[in-house]
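In: Predicted model and sequence follow; I will ask about them next.
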Amino acid sequence: MKAIEVENLTKSYNNFKAVDKLSFEVNSGEIFGFLGPNGAGKTTTILSMLGLIIPDKGTVRILGSDVFREPIKVKEKIGFLPENATLYEELTAWRNLEFFANFYSFSKSEKEKRIEELLKLVGLWEVRYRKVKTFSKGMKQRLLLAQALINDPEVLILDEPTSGLDPEGAYLVKSIVREERKKGKTVFFSSHILSEVEELSDRVGIIVKGKLRALGTLEEIRKGFMELEGYAIKVETKQKLPQIELPEAIRIEKLSENKAIIFAKEDIREQLSELLAKKGATIVSLEVEEPSLEDVFLRTVYKRRD
Ligand SMILES: Nc1ncnc2c1ncn2[C@@H]1O[C@H](COP(=O)(O)OP(=O)(O)OP(=O)(O)O)[C@@H](O)[C@H]1O
């Protein structure tokens, strides 16, 4: 079963389309990174996915249940960390979690066991009786993550979970996310930080101006990008590089006497090696230069119109 199925989701504010016909699926047990620049529509998508704002159009199913028709059933199975979430500053870490746990049907002993497990998981056990107002931003975020995990959710939805954290704080949050996946849970998280999405996600969706621009594993996204934008093939020969006349080659950038990058609409390594062999040149290397996710992201966000 798919963990999340979003179909044709559309949400406008006045006449402005914040999310436009968005469709994607998240597989069970994967970490899905939802990447987009500021204002792309990530939070609007998440709030619509959770039924916390009513979209104009579209359906969302989480673990097979329709979010709008069966809201309680869905909420029992998910955990949510909102962007800029807050805690009760005057309460201790323990009391904050207890307050939240009371929304669920735990017995007293189950509740205490779960709170203890979570405080240990997020590294706040030692400070459980301290008021939250004395906590750093990183500690608060970890407590919020514990709060989102209180019901041991099958699907965890995190809106910008590392936003504003220092590298250590971000690292701890990422480790917890990985731990959840190890337990077979599904994690959907949004971010505008490319390296984080690259390092954490099994699959990625890129949203720009409310529209989904790319979807898949990083490899699939790179390949799709190359098919659209063309291939860069780096060639090095032992001898001086001969003249390359191939109809498929759009542009040739000479790097030195025996090195060049050949730009083409498709992967023309075979044609190139045949041509070079015919001209008596020995190939030292012939490789497709893979664009980094950064190249893909920046080109996807800033270069394409429509
Ligand atoms: N309640 C609202 N009323 C009017 N416009 C809104 C409202 N909420 C969001 N928007 C607009 O919709 C667009 C998408 O916003 P959204 O918060 O979903 O983006 P985001 O990708 O989460 O951005 P960020 O990374 O900055 O949090 C933005 O242009 C925003 O200004």
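Out: Happy to help now that I have it.
In: Just the buried residues of the helix or strand of the chain with the lowest mean pLDDT, please?
Out: In the chain, no helix or strand scores lower on mean pLDDT, DSSP states H and E than helix 293-302, which sits at a mean of 75. Using 16 or more other Cβ atoms under 10 Å as the test for burial, helix 293-302 gives 293, 296, 297, 300, 301. Bear in mind the C-beta positions are built from the backbone N, C-alpha and C, glycine included.
In: Skipping adjacent residues, who's closest to the third one in space?
Out: Meaning residue 297. residue 194 (5.5 Å; Cβ to Cβ, 6 or more residues apart in numbering).
In: ok, now the second one?
Out: What sits nearest to residue 296 in space, not counting adjacent residues and going by Cβ to Cβ, 6+ apart, is residue 225, at 4.6 Å.
In: Other residues contacting stretch 25-32?
Out: Here stretch 25-32 makes contact (Cβ atoms under 8 Å, 6 or more residues apart in numbering) with 1-6, 177-178, 181, 184-189, 200-205.
In: one step back: could you export the buried residues of helix 293-302 to CSV, including columns for distance to residue 146?
Out: Formatted as CSV, the buried residues of helix 293-302 follow (distance: Cβ to Cβ, whole Å):
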residue, distance to residue 146
293, 30
296, 34
297, 31
300, 35
301, 33
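In: wait, which of those residues is closest to the ligand?
Out: Checking those against the ligand by Cβ to the nearest ligand atom gives residue 301 as the nearest, at 11.7 Å.
In: Strands of the stretch 201-306 of the chain, start to end?
Out: Secondary structure of the stretch 201-306 of the chain (DSSP state E, counting those that start in this stretch): strands located at 203-208, 211-216, 231-237, 249-256, 259-264, 283-288.
In: Out of those strands, which is closest to the ligand?
Out: Closest to the ligand of the strands of the stretch 201-306 of the chain, according to Cβ to the nearest ligand atom: strand 203-208, at 6.9 Å.
In: tell me what the longest helix seen in the chain is packed against?
Out: In the chain, taking DSSP state H as the definition, the longest helix is helix 167-182. When contacts are defined as 3 or more Cβ pairs under 8 Å, 6 or more residues apart in numbering; DSSP states H and E, helix 167-182 sits against strand 31-35, helix 137-148, strand 155-159, strand 186-191, helix 194-200.
In: What residues sit buried inside the second one?
Out: Buried residues in helix 137-148, defined by neighbour count with 16+ other Cβ under 10 Å: 138, 139, 140, 141, 142, 143, 144, 145, 146, 147, 148.
In: Any idea how far stretch 80-93 is from the middle of the chain?
Out: From the chain centre to the centre of stretch 80-93 is a distance of 23 Å (Cα atoms, centre = their mean, to the nearest Å).
In: Between the two ends of it, how far is it?
Out: Using Cα to Cα, to the nearest Å, the end-to-end distance of stretch 80-93 comes to 18 Å.
In: Over to stretch 29-46?
Out: Span of stretch 29-46 from end to end, Cα to Cα: 19 Å.
In: cool, and stretch 189-199?
Out: When the termini of stretch 189-199 are compared using Cα to Cα, they are 13 Å apart.
In: Are that stretch and the ligand in contact anywhere?
Out: Yes - residues of stretch 189-199 contacting the ligand under Cβ under 6 Å from any ligand atom: residue 192.
In: Now do that stretch: everything it contacts.
Out: Outside stretch 189-199, the residues that touch it by Cβ under 8 Å, 6+ apart are 31-38, 40, 42-43, 45-46, 83, 157-163, 170, 174, 177, 200, 204, 218, 293-294, 297.
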